[in-house]
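Asker: next come a sequence and a model predicted from it.
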Amino acid sequence: MGFRFCIVGLDPAYRYAVAGNPGGQFLWLMSRSASAPAEVFRKLIAIAAANGFDVSPCLLSLEALPAAQPVYGDRI
């Protein structure tokens, strides 16, 4: 049996996604580009938290981000 994971958040244009395992021990915030605006990262964190993932390790990285930047599109 292989490793199981599920997509819990997906941008309609497939630019960003949130994935994790059913037990909640692993979490991935994915982007098609090498970086994502801070506001997108914050939204991905919120999606993960709403789906029961412990996002406290992510918040340490979030504090290092610059202030929110404009996000084009209003989906994710």
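Answerer: Yep, it's here. Numbering: from 1, shown residues only.

Asker: other SSEs contacting the longest helix anywhere in the chain?
Answerer: Taking DSSP state H as the criterion, the chain has its longest helix at helix 38-50. Using 3 or more Cβ pairs under 8 Å, 6 or more residues apart in numbering; DSSP states H and E, the elements in contact with helix 38-50 are strand 6-10, strand 16-20, strand 27-31, helix 56-62. Glycine gets a C-beta too; all of them are placed from N, C-alpha and C.

Asker: same thing but at 6 Å, please
Answerer: Contacting helix 38-50 under the criterion 3 or more Cβ pairs under 6 Å, 6 or more residues apart in numbering; DSSP states H and E are the following elements: strand 16-20.

Asker: next one: the strand it packs on to chain centre, how far?
Answerer: Mean-position distance between strand 16-20 and its chain equals 5 Å (Cα atoms, centre = their mean, to the nearest Å).

Asker: repeat that for stretch 44-54.
Answerer: Here stretch 44-54 is found 8 Å from its chain centre; the criterion is Cα atoms, centre = their mean.

Asker: the longest helix of the chain to strand 6-10, inter-axis angle?
Answerer: If you take axes from the mean of the first three to the mean of the last three Cα atoms, to 10 degrees, helix 38-50 sits at 140 degrees to strand 6-10.
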